[in-house]
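Colleague: Next input, structure requested:
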Amino acid sequence: MNRYLPVVGMEVHAELLTKSKMFCRCSTRFGAPPNSQTCPVCLGFPGVLPVTNKRAVEFTIMTALALDCEIARYAHFARKNYFYPDLPKNYQISQYELPLGKNGRLEIEIGGKKKAIRIRRVHLEEDTGRLIHMGDKSYIDFNRSGVPLMEIVTEPDINSPEEAKEFLERLRLLLQYLGVCDGKMEEGSLRCEPNISLYDLETDSWGTKVEIKNLGSIRAVGEALEYEINRQLKILQSGGTIVQETRGWSEERKETFSMRSKEEAHDYRYFPEPDIPPIIVDDEWLREIRERIPELPAEKEERFVKEMGLSKEEAHILVVSLPLARLFEEAISLYPEPKKVANWLISDFQGILNTEKKSIEEVPFRAEFLVEMLKLLDDGTISIRIAKEIFPQVVLEGKAPKKIVEEKGLLQIADEEVIRRIVMEVISEEKEAVEQYLKGKEKAMGFLMGQIMKKTKGKANPSIASQILKEKLEELKR
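Modeller: Just a heads-up that it's a prediction; the model follows:
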């Protein structure tokens, strides 16, 4: 690899979160029965006329702005002609010469070093249908046909599988924060097709480009690029020639395989779509779209550090999960102690989710539950031990902490007389530890406190118990 440098360009397709399709009123809801969300327009019947979905155009412009792109003031759609069974018209309505955004950038960070990945273009098109292969037969579901699809194309600035994964992670997060795409790769709403070649540093020449299809996760992107780099390297080292082609990815075999020769732009015979008027983006419309852009991940992370007093690492962990960041902000709006809230969400809350293999969306947990538990801790109603004991139930069952505490009889003992009696019992039973304390071994106090908590099943108020224990031990010194 000293001679060759991997060069990767990414084509990312994102299904937009509109209620209706790109050129008709059919629903875009995922999971509906096959072919139940179709009409003559998205099925490509002769004589039908498409009507542009304004919200999809706005989502694409919003994304282009967030990627620091130049926004086209005049754009139009084109027909991209090719035949596939899942393309009912035998052409796709897309954008070619005049995309909505171009010349942008997205910053990534690898090993503490930042790098800008240039964005060549951001354009809008319609999605195709979906082929379902069952045995020796193939079926077509046209529910996805016509769903608004935004394509983001990078320059070949990515030089490793790690950079490719980081870019895709950051882009997915950006789209989620913008609210334009849910980023669910497992449902096909975000798809990635990297182009990979090996640049020859000795001869200063570009390698032949290969495109990889069928990548259903960020992990698969890394694995496929790793495999393809090694495959191309072996061919070049043995004196062979790389063929320009489209390759698929086998998740089972963990290898790429040849699908077809790669098409060039002229193969698609692009020409302007005659049935759709051009898009004119005036100053007023652009201003309205720009004002809708919410706080983006990098801005939120910086605010969490500067205003909330979180470490950069804590802020990053919260921000890279939009649902977690929302939980955090909801909680501190009710309980303004960011460090406490962040600690519980990052360690305990995420720990429970990891153990149970669940996502935030799959549990009925709410920010109010965490706030209620923190207040029970503050007023001495429960101890930290009890809080950690009940928290999994709070998270997984969505049950209020106070209710759990009452039902299980876990209310903290704060009665000084009751605690004093228990302290005296422990002192009487643990004479050896008491002797060690009296001889100056401070660690013995911790052991005695442990015995008090054991006797009370963790219910004794630790502050009151510690104070009474110290008083009684000091009396014994005299």
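
Colleague: tell me what the helix or strand that L171 is a member of is packed against?
Modeller: In this assignment (DSSP states H and E), L171 forms part of helix 161-178. On a contact count with 3 or more Cβ pairs under 8 Å, 6 or more residues apart in numbering; DSSP states H and E, helix 161-178 meets strand 4-15, helix 54-66, strand 101-110, strand 113-126, strand 190-200, helix 218-237, helix 297-306, helix 322-334. Using the backbone N, CA and C atoms, a C-beta is placed for each residue, glycine as well.

Colleague: Take the ones you listed and lay them out in JSON lines including mean neighbour count, mean pLDDT and distance to D136.
Modeller: Output for the helices and strands packed on helix 161-178, formatted as JSON lines (neighbours: other Cβ atoms under 10 Å; pLDDT from 0 to 100; distance: least, Cβ to Cβ, whole Å):
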{"stretch": "strand 4-15", "mean neighbour count": "21", "mean pLDDT": "96", "distance to D136": "29"}
{"stretch": "helix 54-66", "mean neighbour count": "22", "mean pLDDT": "98", "distance to D136": "37"}
{"stretch": "strand 101-110", "mean neighbour count": "17", "mean pLDDT": "96", "distance to D136": "43"}
{"stretch": "strand 113-126", "mean neighbour count": "20", "mean pLDDT": "97", "distance to D136": "30"}
{"stretch": "strand 190-200", "mean neighbour count": "21", "mean pLDDT": "95", "distance to D136": "26"}
{"stretch": "helix 218-237", "mean neighbour count": "18", "mean pLDDT": "95", "distance to D136": "26"}
{"stretch": "helix 297-306", "mean neighbour count": "16", "mean pLDDT": "96", "distance to D136": "46"}
{"stretch": "helix 322-334", "mean neighbour count": "18", "mean pLDDT": "97", "distance to D136": "42"}
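
Colleague: hmm, back to that, list the buried residues for the helix holding L171?
Modeller: Buried positions in helix 161-178, judged by neighbour count with 16 or more other Cβ atoms under 10 Å: 161, 163-168, 170-178.

Colleague: Most widely separated two among these?
Modeller: P161 and L178 (26.0 Å; Cβ to Cβ).

Colleague: what about L374, neighbour count?
Modeller: By the measure other Cβ atoms under 10 Å, the count of residues near L374 is 18.

Colleague: Same check on S145?
Modeller: For S145, using other Cβ under 10 Å, the count is 28.

Colleague: I'd assumed L131 was in contact with it.
Modeller: No. Taking contacts as Cβ atoms under 8 Å, S145 lies outside contact range of L131: 11.3 Å.

Colleague: Now do the shared contacts for these two.
Modeller: Counting by Cβ atoms under 8 Å, 6 or more residues apart in numbering, the contacts common to S145 and L131 are D86.

Colleague: So, low pLDDT: which residues of the stretch 251-400 of the chain?
Modeller: 262-266 (pLDDT under 70).

Colleague: one more time with 90
Modeller: For the stretch 251-400 of the chain, the stretches flagged by pLDDT under 90 are 259-268, 377-386.

Colleague: How are the strands of it distributed by residue range?
Modeller: Secondary structure of the stretch 251-400 of the chain (DSSP state E, counting those that start in this stretch): strands at 255-261, 271-272, 279-280.

Colleague: Please identify the most buried of these.
Modeller: Of all the strands of the stretch 251-400 of the chain, strand 279-280 has the most neighbours on average by mean count of other Cβ atoms under 10 Å, namely a mean of 16.

Colleague: tell me which strands and helices it is in contact with?
Modeller: strand 74-75.

Colleague: CA atoms only for stretch 470-478, dumped as PDB, please.
Modeller: Coordinates of each C-alpha in stretch 470-478 appear next as PDB, following Å, rounded to 0.1, in the frame of the first residue of the first chain:
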ATOM      1  CA  LYS A 470     -18.800   9.100  63.800                       C
ATOM      2  CA  GLU A 471     -20.300  10.700  66.900                       C
ATOM      3  CA  LYS A 472     -20.600   7.300  68.700                       C
ATOM      4  CA  LEU A 473     -17.000   6.200  67.700                       C
ATOM      5  CA  GLU A 474     -15.600   9.600  68.900                       C
ATOM      6  CA  GLU A 475     -17.400   9.100  72.200                       C
ATOM      7  CA  LEU A 476     -15.600   5.700  72.500                       C
ATOM      8  CA  LYS A 477     -12.300   7.400  72.000                       C
ATOM      9  CA  ARG A 478     -12.900   9.500  75.100                       C
END
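
Colleague: What residues sit buried inside that stretch?
Modeller: 472-473.

Colleague: on that earlier part again, minimum distance to E288: which of the helices and strands packed on helix 161-178 has it?
Modeller: Using Cβ to Cβ, the helices and strands packed on helix 161-178 put helix 54-66 closest to E288, at 8.4 Å.

Colleague: so the closest one versus strand 4-15, what angle?
Modeller: 150 degrees (axes from the mean of the first three to the mean of the last three Cα atoms, to 10 degrees).

Colleague: List the neighbouring strands of the next helix or strand after helix 54-66 plus their orientation.
Modeller: Sequence-wise, the next helix or strand downstream of helix 54-66 (DSSP H and E) is strand 70-71. Next to strand 70-71 in the sheet, as set by DSSP bridges, lie strand 101-110 (antiparallel).

Colleague: picking up where we left off before, next one: the helix holding L171 to chain centre, how far?
Modeller: Offset of helix 161-178 from its chain centre (Cα atoms, centre = their mean, to the nearest Å): 8 Å.

Colleague: I'd like the mean pLDDT over that helix, please.
Modeller: Taken as a whole, helix 161-178 has a mean pLDDT of 97.

Colleague: can you offset everything so residue one is 438?
Modeller: That works, and once the first residue is 438, the last one we named lands at helix 598-615.

Colleague: if we can go back for a sec, can you tell which of the strands of the stretch 688-837 of the chain is closest to P593?
Modeller: Proximity to P593 (Cβ to Cβ) singles out strand 692-698 among the strands of the stretch 688-837 of the chain, at 18.3 Å.

Colleague: Quick one: distance of that closest one to the chain centre.
Modeller: The answer for strand 692-698 is 29 Å, by Cα atoms, centre = their mean.

Colleague: Can you name every helix or strand that that strand contacts?
Modeller: Counting by 3+ Cβ pairs under 8 Å, 6+ apart, strand 692-698 packs on helix 655-674, strand 682-687.

Colleague: Helices along the stretch 738-887 of the chain, start to end?
Modeller: Ranges of helices within the stretch 738-887 of the chain are 749-756, 759-771, 775-780, 787-793, 804-815, 821-834, 838-845, 853-866, 868-875, 880-892, based on DSSP state H, counting those that start in this stretch.

Colleague: In the third one, which of the residues would be classed as buried?
Modeller: Within helix 775-780, the residues scored as buried using 16+ other Cβ under 10 Å are 775, 777-779.

Colleague: Quick one: end-to-end length of stretch 725-744, please.
Modeller: The first residue of stretch 725-744 is 28 Å away from its last residue (Cα to Cα, to the nearest Å).

Colleague: From one end of stretch 578-589 to the other, what's the distance?
Modeller: 25 Å.

Colleague: Over it, what's the mean pLDDT, rounded is fine.
Modeller: Mean predicted confidence for stretch 578-589 is 97.

Colleague: Need the strands of the stretch 688-837 of the chain in CSV (columns: distance to R822).
Modeller: Below are the strands of the stretch 688-837 of the chain laid out as CSV (distance: least, Cβ to Cβ, whole Å):
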stretch, distance to R822
strand 692-698, 51
strand 708-709, 70
strand 716-717, 62
